[in-house]
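> Sequence plus predicted model, see below.
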Amino acid sequence: MAMAALNILSQPWPPTPSSLSFSNNNISFLTQCNAATATINSKLLSLSHSCHFSVLSSLYGTNRPNSSSKLSSMPTHLSKSGTLTAGTGCSWMQDNSMHHNDAADSECGEGPLHSAFPAKAAEISSIEDLYEFISSGPLMNKLGLAPEAVAESIDKWLAYGLHLCRLFQLKELDLSVPQKVRIYHYYLPVFFWCEDQISQHRSLYKDGEDIPPLVIGFSAPQGCGKTTLVFALDYLFKVTGRKSATISIDDFYLTAENQAKLREAHPGNALLELRGNAGSHDLPFSVETLTALSNLSKEGMKMKLPRYDKSAYNGKGDRADPSTWPEVEGPLTAVLFEGWMLGFKPVPVEVVKAVDPQLETVNKNLEAYYDAWDKFVKAWIVIKIKDPSCVYQWRLQAEIAMREAGNPGMSDDEVVP
């Protein structure tokens with residue numbers, strides 16, 4: 001199976017007109033934001049995040065599909081009250097009540113899940129309306145999800161949408177437009193894309209053969225929602241009866257002791273003083289873990305997933321105690337592997353030096369990361385942002401939230417701008 005990549009580049013509400021383009025299963029979905037400063041990490045991100053993902057598209061298309069041709073085949077039911085309902089028992093009734101957006105004034109504010117969009121009450125009066133809303137999503141054509149396919153599988157869309165509403169504690173009968181977009185234009189299309197990739201992966205094996213899980217890589221800047229996306233996908237795999245495992249590049253950070261040794265080996269290099277950049281990960285441990293996950297193909301096989309405690313040592317972090325690691329059991333269908341620098345490759349030295357001389361060592365360290373991480377990934381989802389300077393503010397918000405929750409976190413000064 002050829003390597004597939006789904007590029008997602010997000011854009012603010014309302015979208016600005018732009019042409020849509022698509023090639024070789026690549027999609028982009030962009031989030032606009034502005035901030036005054038950028039981290040050194042984001043400098044490396046802007047250099048390397050284009051490694052092999054480049055196709056862009058607008059968040060919203062302007063044309064709604066003609067739904068009349070397939071509505072007769074949609075699996076809907078009429079209740080005694082005359083309300084159209086899905087086979088799951090979920091009804092989509094018109095509701096004019098309003099949801100208010102609690103996002104901060106800053107365009108880069110992390111806020112709730114839907115903070116990038118204005119809150120406006122959704123008005124779904126029937127399954128037909130929901131069908132048309134789903135079919136108008138910007139990812140549909142690019143993923144090969146034709147309106148006819150949506151009509152034939154509308155029960156799945158309703159059931160999975162209901163599961164996500166309950167997961168995120170949303171009112172399924174009163175979704176705001178941003179919430180609808182998040183679920184029906186983003187999470188569910190990506191989930192169906194993952195299902196298709198898994199189907200193609202499994203088709204490569206003969207009956208009776210052990211089928212390793214498909215490792216799907218999620219590469220995205222810090223704070224832009226990749227962990228939440230992975231959380232939603234992992235949940236959907238579980239409620240549909242399949243086993244998946246989630247792992248982050250964060251889980252492979254050096255122990256506090258070894259991070260201190262790295263700092264001592266590179267005095268004066270701020271990029272290696274704390275965790276985060278290439279060089280601050282335990283690559284042999286990564287290979288050991290990803291190999292074990294890839295072999296978790298039989299019933300009864302179990303392993304523990306490593307986790308990293310970012311609150312340890314006053315926010316400097318350390319590998320969590322193995323007794324706290326979650327256990328996963330085979331056979332796994334998918335491994336969801338996420339990280340801000342996943343897929344990065346070294347760039348020419350002269351380019352790095354022109355940005356920041358400290359990056360030269362980090363750039364050199366990237367040479368070992370393909371064998372440790374990328375070679376395991378068979379399908380890619382890449383989320384891009386327009387302005388990397390947002391990364392600094394998002395990281396700052398995460399550390400502040402950790403401190404406000406009563407856990408030690410990095411100080412504002414330690415989150416290097």
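Received, thanks. As the structure is a computational prediction, the values presented were derived from the model and not from experiment. Numbers count the residues shown, from 1 in each chain.

> Do a quick rundown of the helices in the stretch 151-300 of the chain.
Along the stretch 151-300 of the chain, counting by DSSP state H, counting those that start in this stretch, helices occupy 154-167, 177-180, 188-202, 226-239, 256-265, 283-294.

> Save these as CSV, and put in distance to S323 and mean neighbour count too.
Glycine gets a C-beta too; all of them are placed from N, C-alpha and C. Converted to CSV, the helices of the stretch 151-300 of the chain look like this (distance: least, C-beta to C-beta, whole Å; neighbours: other C-beta atoms under 10 Å):
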stretch, distance to S323, mean neighbour count
helix 154-167, 27, 19
helix 177-180, 38, 21
helix 188-202, 31, 20
helix 226-239, 22, 19
helix 256-265, 17, 14
helix 283-294, 17, 17
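
> so which of those helices comes closest to E360?
helix 256-265 (14.7 Å; C-beta to C-beta).

> V347: neighbour count?
17 (other C-beta atoms under 10 Å).

> In this model N363 seems to touch it, though I could be wrong.
Yes. With contacts defined as C-beta atoms under 8 Å, V347 counts as touching N363 at a distance of 6.4 Å.

> Could you list the low-pLDDT ranges of the stretch 51-200 of the chain?
51-125 (pLDDT under 70).

> T246 is in contact with L336, isn't it?
Yes. Using C-beta under 8 Å, T246 is in contact with L336, at 4.7 Å.

> For the two, indicate the residue with more neighbours.
More neighbours surround L336 than the other of T246 and L336, with 24 against 20 (other C-beta under 10 Å).

> I'd say that one and L233 touch.
Yes. The pair L336 / L233 is scored as a contact, 6.0 Å apart, by C-beta under 8 Å.

> Need the helices of the stretch 151-300 of the chain in TSV (columns: distance to V328).
Converted to TSV, the helices of the stretch 151-300 of the chain look like this (distance: least, C-beta to C-beta, whole Å):
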stretch	distance to V328
helix 154-167	19
helix 177-180	30
helix 188-202	17
helix 226-239	10
helix 256-265	25
helix 283-294	8
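
> mind checking which of those helices is nearest Y369?
When the helices of the stretch 151-300 of the chain are compared by C-beta to C-beta, helix 283-294 sits nearest Y369, at 7.2 Å.

> So which other helices or strands are in contact with the very next helix or strand once past that closest one?
Following helix 283-294 in sequence order, the next helix or strand is strand 302-304 (DSSP states H and E). In this structure, strand 302-304 makes packing contacts with strand 327-329, judged by 3 or more C-beta pairs under 8 Å, 6 or more residues apart in numbering; DSSP states H and E.

> which other residues reach the strand it packs on?
Outside strand 327-329, the residues that touch it by C-beta atoms under 8 Å, 6 or more residues apart in numbering are K243, A245, L293, L296, G300, M301, K302, M303, K304, L305.

> count of neighbours near the residue nearest to R307 when sequence neighbours are not counted?
Excluding the flanking residues, the one nearest R307 by C-beta to C-beta, 6 or more residues apart in numbering is A320, at 4.4 Å. Other residues near A320 number 16, with proximity taken as other C-beta under 10 Å.

> my guess is A320 contacts Y308, does it?
Yes. A320 is within contact range of Y308, at 6.1 Å (criterion: C-beta under 8 Å).

> what sits against the residue lying closest to F192 once chain neighbours are set aside?
Nearest non-adjacent residue to F192, counting by C-beta to C-beta, 6+ apart: L145, 6.3 Å away. Counting by C-beta under 8 Å, 6+ apart, L145 touches L139, P189, F192.

> for the first one, helix, strand, or coil?
When you say that, I think you mean L139. Following DSSP: H, G, I helix; E, B strand; the rest coil, L139 is assigned to coil.

> L188 is in contact with that one, correct?
No. Taking C-beta under 8 Å as the definition, L139 is not a contact partner of L188, at 9.5 Å.

> residue boundaries of the strands in the stretch 251-400 of the chain?
302-304, 308-309, 318-319, 327-329, 334-339, 379-384 (DSSP state E, counting those that start in this stretch).

> Show the pLDDT at N363.
On pLDDT, N363 comes in at 96.

> which residues touch it?
Neighbour list for N363: L44, A278, P346, V347, V349, V352 [criterion: C-beta under 8 Å, 6+ apart].

> Contact partners for the third one?
By C-beta under 8 Å, 6+ apart, the contact list for P346 reads S48, N363, K364, L366, E367.

> can you do 6 Å?
N363, L366, E367 (C-beta atoms under 6 Å, 6 or more residues apart in numbering).

> Give the closest residue to it in space, chain neighbours not counted.
L366 (4.5 Å).

> list the contacts for the one you found?
So L366 contacts A278, F344, P346 (C-beta under 6 Å, 6+ apart).
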